[in-house]
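>>> Pasted the sequence and its predicted model underneath.
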Amino acid sequence: MLNLIVKDILIQKKIFLFGFIYIVLIMISFQQSGSTMFGTSVVAFTYILIQSACAYDDKNKSDVLLNSLPISRVTIVSARYVSIFIFAAIATAYYLIISVIIRASGLPIQIYVVTFESVLGVLFALLLISSIYLPIFFKVGYIKSKTINFIVFFIVFFGGTVYLQDLAKKDVPFVRSALEFISRQSDTTIAAALIAVMVLMLVVSYCLALHNYRKREF
Amino acid sequence: MAPILEVRNLSKRFKDFSLNKVSFTLEKGYIMGFIGPNGAGKSTTIKLIMNLLSKDGGEIKILGLDNIKHEKEVKNRIGFVFDENYFYEELTVAEMKAVIAPFYKNWSDDAFNRYIKEFSLPPRSKIKELSKGMKMKFSIAVALSHDAELLIMDEPTSGLDPIIRSELLDILTYILQDENKSVFFSTHITSDIEKIADYVTFINNGTIVFSSSKDEVIDRHGLVKGPREMLSSELRKYFIGIKETPYGFEGLTENKQQVKRLLKDGAVIEKPNLEDIMLYYTKEVQHA
């Protein structure tokens, strides 16, 4: 499985080089934004890596190659899910290295530290996007999933934001009591609940992706 | 000992095409040519053998093992060469090898280095920079480096120039010097099969027309040429296909004795080649 992730890194050499510039640009554009700087950098770069790994596989019709090698479909699907965490770790390492370089160079760029909350936020965002995207990718491939992905992305982020703003304005009793309930909980309880939700999303998504990929024909 | 490849009543249905109860057997140490026109079901059969498509019925055994129940074990012991390049074009030969090698139990780096030297493959070149012939050789090097006992090749010679094709056929003949290795080789270029195959399986419209030794197939058939007026309705019954011109006819028969009896000395019966046989069995010629 590790080898499949190494392959994803090898085929994306250029993107990994470009990642440094990309994260620096986000850091410059997100001055005064607090911890959003870290979140946006890592989520955006990891998302690019996941998408482009899928795109390269599709372009090279690699499903035929991978499924002709002695690799089970479980391994192929698992590798894709594990790579989310590895890509996120690499993106975080980039952020930290760039932060150190900027600090050491004394450039007038504001840097924000990485907090536990922001790491949790990054993981939640990445797992939410990937959990929706990967089962679709394993069912129809990159090209067809691109359109669906765009719609999902648009609904979740744009639609979601508009809806939540609307909800906040309306002062719905259920939302108010839910928010009050959450605010009464300790940080640890909230973090634990969030992790539980993430694990659940991941498990459901993985099972769906595996089910779809097992039925796929090439 | 179990055959190296055994396909029994293999069926697969698509909207506009189906594979109907395909059966054939390849014994260890031989090359089987899998011939048929484009769209006859060659690639579908190979994809079913490789479990890239799921079958609707039948049984596939490779080295005596079910190709799905023992998929990993089977794939460890076979090599594949496809008509198109499925390797990552962005990677170099050496990088692609590094990705593939750990998946195989019996991988030998020494063997791989020896083959890429023998095939003049540049290890630092990207796959996309290789010619089609080089990509084929790379696939063969990968298959030989993990000591594959069965090589499954889907149209490996199509699109190659005659020199590279002949070189590839020489490589296959060389592989077969090791009696533990076998090759299953699909193509629509019948002359390739004529040069190297021991057995021929002919598929048309998703159905196996015949599967036997190449010499037996050629000996069994006769290519009959004669004047048109001799073509009686009784004689026509003995032909698989007939081509008629204003001056004469040419037809393929599986019943040389009967045709000889009816025609006496009025016609010539020649030995057909595999291309003649394939042409006459396909519908286009039967109705010409």
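Cool, got the structure. Keep in mind it's a predicted model, so treat the numbers as computed, not measured. Numbering: from 1, shown residues only, chains lettered A, B, ... in the order given.
>>> Spell out which residues of the stretch 51-200 of chain B are next to chain A.
Proximity of the stretch 51-200 of chain B to chain A, by C-beta under 8 Å from any C-beta of the partner chain, involves residues B:51-54, B:71-73, B:75-76, B:80, B:82, B:84, B:86-91, B:95, B:98-100, B:102-105. Any C-beta I mention is one placed from the backbone N, CA and C, and that applies to glycine too.
>>> Now, of those, which are buried?
Buried subset of these (neighbour count, 16 or more other C-beta atoms under 10 Å in any protein chain shown): B:51-53, B:71, B:75-76, B:80, B:82, B:86-91, B:95, B:98-100, B:103-104.
>>> Who are the contact partners of the most far-flung residue of chain A relative to its centre?
Within chain A, the residue lying farthest from the chain centre (C-alpha atoms, centre = their mean) is residue A:173, at 32.4 Å. With contacts defined as C-beta atoms under 8 Å, 6 or more residues apart in numbering or on different chains, residue A:173 has no neighbours.
>>> quick one: it from residue A:75, how far?
Here residue A:173 is placed at a distance of 49 Å from residue A:75 (C-beta to C-beta, to the nearest Å).
>>> next one: residue B:221
48 Å.
>>> what about these two, which has more around it?
Neighbour count, other C-beta atoms under 10 Å in any protein chain shown: between residue B:221 and residue A:75, residue B:221 has more, with 24 against 17.
>>> Please determine how far the more buried one is located from residue B:179.
Going from residue B:221 to residue B:179 by C-beta to C-beta gives 29 Å.
>>> What are the boundaries of the helices in the stretch 151-288 of chain B?
Secondary structure of the stretch 151-288 of chain B (DSSP state H, counting those that start in this stretch): helices located at B:162-175, B:190-196, B:214-220, B:233-236, B:256-263, B:274-281, B:283-286.
>>> er, chain A I mean
Using DSSP state H, the helices found in chain A span residues A:2-11, A:13-29, A:36-59, A:62-68, A:73-105, A:116-140, A:142-153, A:160-170, A:173-184, A:187-215.
>>> tell me which element residue B:39 is part of?
According to DSSP states H and E, residue B:39 maps onto no helix or strand at all.
>>> I'd like the distance between it and residue B:84.
For residue B:39, the distance to residue B:84 (C-beta to C-beta) stands at 16 Å.
>>> likewise residue B:162?
20 Å.
>>> For my notes, confirm residue B:9 occurs in a strand.
Yes - assigned with DSSP: H, G, I helix; E, B strand; the rest coil, residue B:9 falls within a strand.
>>> neighbours of residue B:272, just the number please.
Counted with other C-beta under 10 Å, residues neighbouring residue B:272 total 21.
>>> Now it. Nearest residue, chain neighbours left out?
residue B:223 (4.0 Å; C-beta to C-beta, 6 or more residues apart in numbering or on different chains).
>>> With residue B:27 instead?
That would be residue B:3: by C-beta to C-beta, 6+ apart, it lies 5.3 Å from residue B:27.
>>> For residue A:106, give me phi and psi.
Backbone geometry at residue A:106, expressed as degrees, to the nearest 10, gives phi 70, psi 20.
>>> Next up, the contacts around it.
Contacts of residue A:106 by C-beta under 8 Å, 6+ apart: none found.
>>> Please report how far the residue nearest the centre of chain A lies from residue A:92.
With distances taken as C-alpha atoms, centre = their mean, residue A:126 lies nearest the centre of chain A, 2.4 Å away. As defined by C-beta to C-beta, residue A:126 lies at a distance of 11 Å from residue A:92.
>>> So which residues make contact with whichever helix or strand residue B:45 is part of?
Applying DSSP H and E as the criterion places residue B:45 in helix B:42-49. Contact partners of helix B:42-49, identified using C-beta under 8 Å, 6+ apart, comprise A:217-218, B:5, B:7, B:10, B:12, B:14, B:17, B:19, B:22, B:34-36, B:53-55, B:60, B:62, B:67, B:83, B:152, B:154-155, B:184, B:186, B:188, B:203, B:206.
>>> Which members of those are classed as buried?
The buried subset of the contacts of helix B:42-49 (16+ other C-beta under 10 Å) comprises A:218, B:5, B:7, B:10, B:12, B:19, B:22, B:34-36, B:53, B:55, B:60, B:62, B:67, B:83, B:152, B:154-155, B:184, B:186, B:188, B:203, B:206.
>>> and the closest residue to chain A within the stretch 151-288 of chain B, what are its bridge partners?
Relative to chain A, the nearest point of the stretch 151-288 of chain B is residue B:152 (8.7 Å; C-beta to the nearest C-beta). Applying DSSP bridges to residue B:152 gives these bridge partners: residue B:80, residue B:184.
>>> for chain A, what helix or strand is lowest in average pLDDT?
Sorting the helices and strands of chain A by mean pLDDT, DSSP states H and E puts helix A:160-170 at the bottom, at a mean of 69.
>>> Chain B too?
When the helices and strands of chain B are compared on mean pLDDT, DSSP H and E, helix B:283-286 comes out lowest with a mean of 54.
>>> one step back: what's near enough to touch the residue of the stretch 151-288 of chain B closest to chain A?
Residue B:152 neighbours (C-beta under 8 Å, 6+ apart): B:46, B:49-50, B:78-81, B:184.
>>> between these, which is nearest residue B:111?
Taking C-beta to C-beta as the measure, residue B:111 sits nearest to residue B:79 out of the contacts of residue B:152, at 12.1 Å.
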